[in-house]
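**Q** coordinates only, sequence not included:
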Ligand code: ADP
Ligand code: ZN
């Protein structure tokens, strides 16, 4: 039996075929164009590689309320062609199989909780710091949904004292986390693409202040048992110890737990599944859809 996994992103769609043990057998990537072009190509892939169920980790925001008439639709995305697009119903209709869907980051968080850095734990926060910033939250072993779903990347931040562009770049909120700390925000602030900034550049002091603020807020808001930081910006591994140290400073001795005694070394960590958190999350969603 085979499972389909779709990582639906704003720039590309990554389609994978996995077996029952989660071994990847096939992988293909196509650019995200209009649904009229991209959807038939994706449907063709999953017809050529017949799967028992499909899981989708999707860019959002999404309607994930099963009781809603627009369940499984993409909602207010700035990608206009995909706004209000019924992606889950379209796949269900075309393929006639169970389809599970969650946000891309909730899917990645689920995979990290079941198979990765937070394996064996009931809760974790997975953040991606890349073109955008998104957060997936697992509590009680399940991704958190509520009114809609968490949008942890859009929490408002306190400007860093040494930030030359504290007004921020988010078109919706200006100085939210994404508006201040995403890869493109770093690039705009310093007029240099983030990957080209050397470790001694002041950019990283500003960046780690924001990411530590996010960790502090997350610990105080959700008490996750692990915080996992992924995405392009976190390729800069030297950021981890600085974020841990600044988070400890911000906590100010308020948190009493052995993770603190350990300097947050095993607490704020890179993804255990490397770049595969997203695909493994979509695979788990496919399995759950089949069993539902
Ligand atoms: P996406 O968020 O689009 O899915 P990524 O997580 O790879 O993809 O994020 C891409 C962004 O991350 C780029 O805009 C770039 O600013 C930043 N980035 C990528 N690689 C690095 C790097 N090595 N160092 C710092 N920033 C990086
Ligand atoms: Zn925002």
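**A** Cool, the structure landed. Here the structure is a predicted model, which means the values were calculated and not measured. Ligands and ions are numbered 1, 2, ... in the order given.
**Q** state the helix or strand in which residue 214 lies.
**A** helix 203-222 (DSSP states H and E).
**Q** name the residue closest to the centre of this structure, please.
**A** The centroid of the chain falls nearest to residue 105 when counting by CA atoms, centre = their mean (2.5 Å).
**Q** quick one: contacts for that residue?
**A** The neighbours of residue 105, taking CB atoms under 8 Å, 6 or more residues apart in numbering as the test, are 57, 126-128, 134-136. Using the backbone N, CA and C atoms, a C-beta is placed for each residue, glycine as well.
**Q** do residue 132 as well
**A** 153, 178, 182.
**Q** what's the closest non-adjacent residue to residue 245?
**A** residue 263 (7.6 Å; CB to CB, 6 or more residues apart in numbering).
**Q** pretty sure that neighbour sits in a strand.
**A** No - Residue 263: not assigned to a strand; according to DSSP: H, G, I helix; E, B strand; the rest coil it is coil.
**Q** what's it sitting at in phi/psi?
**A** In terms of degrees, to the nearest 10, the main-chain angles of residue 263 are phi 70, psi 20.
**Q** remind me which helix or strand the residue nearest to residue 138 when sequence neighbours are not counted belongs to.
**A** In this structure, residue 138 finds its nearest non-sequential neighbour in residue 113, 4.4 Å apart by CB to CB, 6+ apart. Taking DSSP H and E as the criterion, residue 113 maps to helix 104-115.
**Q** what is the distance between that helix and the centre of its chain?
**A** Relative to the mean C-alpha coordinate of its chain, helix 104-115 is positioned 8 Å out (CA atoms, centre = their mean, to the nearest Å).
**Q** and that helix, anywhere near ligand 1?
**A** No - remark: helix 104-115 sits outside contact range of ligand 1, by CB under 6 Å from any ligand atom, the gap being at least 8.2 Å.
**Q** next one: stretch 218-228
**A** No - Stretch 218-228 stays clear of ligand 1 (CB under 6 Å from any ligand atom), getting no nearer than 13.4 Å.
**Q** got the contact list for that stretch?
**A** By CB under 8 Å, 6+ apart, stretch 218-228 touches 109, 112, 116-118, 121-127, 135, 137-139, 152, 215, 247, 251, 255, 267-272, 277.
**Q** repeat the analysis, applying 7 Å as the threshold.
**A** 112, 117-118, 121-126, 137, 139, 215, 251, 255, 267-269, 271 (CB atoms under 7 Å, 6 or more residues apart in numbering).
**Q** filter those residues down to the buried ones, PyMOL style.
**A** Buried subset of the contacts of stretch 218-228, written as a PyMOL selection, criterion 16 or more other CB atoms under 10 Å:
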select buried, resi 112+117+118+123+124+125+126+137+139+215+251+267+268+269+271
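**Q** among the contacts of stretch 218-228, which ones are in strands?
**A** When DSSP state E defines the strands, the subset of the contacts of stretch 218-228 inside them is 124-126, 137, 139, 268-269.
**Q** over to the residue lying closest to residue 264 once chain neighbours are set aside. Which of the three states is it?
**A** Closest residue to residue 264 in three dimensions, ignoring its sequence neighbours and counting by CB to CB, 6+ apart: residue 244, at 4.1 Å. For residue 244, the assignment made with three-state DSSP gives helix.
**Q** you'd agree residue 244 is up against residue 268?
**A** Yes - the pair residue 244 / residue 268 is scored as a contact, 5.2 Å apart, by CB atoms under 7 Å.
**Q** residues in contact with residue 35?
**A** Residue 35 neighbours (CB under 7 Å, 6+ apart): 81-82, 85.
**Q** from these, pick the one nearest ligand 2.
**A** Nearest to ligand 2, judged by CB to the ion, of the contacts of residue 35 is residue 82 at 18.7 Å.
**Q** returning to that earlier point: kindly provide the distance from the residue nearest to residue 245 to ligand 1.
**A** Noted for residue 263: a distance of 24 Å to ligand 1, by CB to the nearest ligand atom, to the nearest Å.
**Q** and if you look at residue 72?
**A** Using CB to the nearest ligand atom, we find residue 72 at a distance of 22 Å from ligand 1.
**Q** isn't that residue right up against residue 90?
**A** No - contact criterion CB under 7 Å: residue 72 and residue 90 do not qualify, at 8.6 Å.
**Q** neighbour-wise, which of these two wins?
**A** residue 72 (23 against 17; other CB atoms under 10 Å).
**Q** which pLDDT value belongs to residue 79?
**A** Looking at residue 79, its pLDDT is 88.
**Q** what is the neighbour count of the residue of the stretch 1-150 of the chain found nearest ligand 1?
**A** Nearest to ligand 1 in the stretch 1-150 of the chain, going by CB to the nearest ligand atom, is residue 130, at a distance of 2.4 Å. When counting by other CB under 10 Å, one arrives at 19 neighbours for residue 130.
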